[in-house]
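Visitor: Could you work out the structure for the sequence below:
(one chain, ligands or ions: 2)
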Amino acid sequence: MSQPRILIVDDNPVNVDLLKAQLKPFPYNLDSAYDGEEALKKIYDTMPDLVLLDLMMPKISGYEVCRAIKQNKETQFIPVIIITALSELDDKIKAIELGADDFLVKPFNKLELTTRIRSLLNLKALHDDVDRSENILFSLVKALEAKDGYTRGHSERVAFYATAVAAQLGLSPKEMEIIRKGALLHDIGKIGVKEEVLLKPGAFTKEEMEHIKIHPSVGYDICKPLKSIAPCLCCIRSHHERIDGEGYPDHLSGKEIPLLAKIISVVDSFDAMTTDRPYRKKMPKETAFKIFEKEKTQGQWDPAIVEAFLDMMHSLKEIK
Ligand SMILES: [Fe+2]
Ligand SMILES: [Fe+2]
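Guide: Numbering: from 1, shown residues only. Ligands and ions are numbered 1, 2, ... in the order given. Next up is the predicted model:
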C-alpha cells in the first residue's frame, strides 16, 4: 500500500518545518503549501489523505480552505486537522461548523499529533475501501448496460431525474444522495437475468416476463452485504412495486412502498417510455407527459410524485 499523503498548510515556514520534523520518522508522504490558494490547488491536484491546516493565512484563509474541502463531493472525506493557538476558541467553533475533523493546539504535543493523525488516516482508509466497493457496483451496472444498446445510460438518466424529483419534493441533501446511488443501482439485479432474455430483440413471453421480475430481489441480494448501501436497498428492491399492490416482488401497496422507491418507479417508467426498446420505438416526451397526467390516479404511481415529476420537467424546460 502506498504511503498516506499529508498536506501541511501554514503561511509560516517555521511551523511547516516543525511539523515536518515531527512527522518525518513516520511512513507518511509529506507535502506543504504556504497559503490558501496554493493549498486548494494541491488538494485538487494530489488528493491528499489528510490536511493539517492553519487558520490565519493570506489570500484565502484556512476557514475558506476548510469550507471548500468539505463542500466538494470529491474532497469532503479528506480529514482536516486545524492548527490553532489556544486562545482562538471562537475560531475553533467556526471551524467545527465548517466541518473540520479535529484540532491541534500550538505548541504541538508530538504524541497527540501522531495519535490524531493515525486515527483520522485509519478512518479515511476505511472510507476509501467503502468507496471502492461502491464504485465496483456502479461499474458493474455500466458494464451490464453497455452490452445492450437500448439501455445504455438508463441508470444515470434515472439517477438524474430521481434526484431532481427528490429536490422538487424538498427532500434533504442526504436523501438526495441516497436516491442518487439507489437509482444508479436499481437494475443491478439484471445481472441475474438470462442474457438471451435480456437482449431479446422482440416482445417477451409470459415466462420471460416472470424471469425478468427476479431482478429487484437479485439486486437486493447483491447489494445487501455492503453496509454503506443499506439506505438505498429500498430503491433496488421496491422500484417495480405499484400503489395498487399489483407490482413486484413484495406486492406492497400505497404507503407500504418507500418514498424513494416510488420516485424511482415514476422516472424509471418515463425513461423506458422515452427511449427505444427492441420491441417498440420511443415516444416523444410530450406524449409520455400526457400518459402520466392521464394515469396518475390509476394505481401504478403515487399521484403526488407524478405531480412533482411533471412540475420538475416543466421547470427544466423553462430553464433550457
Ligand atoms: Fe427495473
Ligand atoms: Fe430501470
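Visitor: what does the stretch 51-200 of the chain put close to ligand 2?
Guide: By the criterion of C-beta under 5 Å from the ion, the positions of the stretch 51-200 of the chain lying close to ligand 2 are D187. Placement of C-beta: from N, CA and C, glycine included.
Visitor: Can you pull out the low-pLDDT segments for the stretch 51-200 of the chain?
Guide: Along the stretch 51-200 of the chain, the model assigns pLDDT under 70 to residues 86-89.
Visitor: Could you measure from the closest residue to ligand 2 within it over to I222?
Guide: Nearest residue of the stretch 51-200 of the chain to ligand 2, counting by C-beta to the ion: D187, 4.3 Å away. Distance of D187 to I222, given as C-beta to C-beta, to the nearest Å: 11 Å.
Visitor: These two: which has the busier surroundings?
Guide: The residue with more neighbours, out of D187 and I222 and counting by other C-beta atoms under 10 Å, is D187; that gives 24 against 18.
Visitor: The more buried one and L140 touch, don't they?
Guide: No. Contact status for D187 versus L140: not in contact, 10.8 Å apart, counting by C-beta atoms under 8 Å.
Visitor: which one is S253 nearest to, not counting chain neighbours?
Guide: Distances taken as C-beta to C-beta, 6 or more residues apart in numbering place G245 nearest to S253, at 3.4 Å, with adjacent residues excluded.
Visitor: go on, L226?
Guide: Counting by C-beta to C-beta, 6+ apart, the nearest residue to L226 once its immediate chain neighbours are dropped is S133, at 5.6 Å.
Visitor: Give the buried residues for the one helix or strand the one you found maps to.
Guide: Under the assignment given by DSSP states H and E, the secondary-structure element containing S133 is helix 110-147. Residues 113-114, 116-117, 120-121, 124, 134, 137-138, 141, 144-145 are the ones in helix 110-147 that count as buried (16 or more other C-beta atoms under 10 Å).
Visitor: Show me the domain layout of the protein.
Guide: For the chain, automatic domain parsing gives the domain ranges 5-127, 148-319.
Visitor: where does the nearest residue to I257 once chain neighbours are set aside fall, helix, sheet strand or coil?
Guide: Excluding its sequence neighbours, the residue lying closest to I257 (C-beta to C-beta, 6+ apart) is E241, at 4.7 Å. Secondary structure state of E241, per DSSP: H, G, I helix; E, B strand; the rest coil, is coil.
Visitor: Ramachandran coordinates for E241?
Guide: Comment: the main-chain dihedrals of E241 come out as phi -70, psi 160, following degrees, to the nearest 10.
Visitor: same thing with N72?
Guide: Listed backbone geometry of N72 is phi -90, psi 130, with angles given as degrees, to the nearest 10.
Visitor: Kindly report the same for F103.
Guide: Note on F103: its backbone torsions stand at phi -130, psi 150 [degrees, to the nearest 10].
Visitor: and it, how many neighbours?
Guide: Other residues near F103 number 16, with proximity taken as other C-beta under 10 Å.
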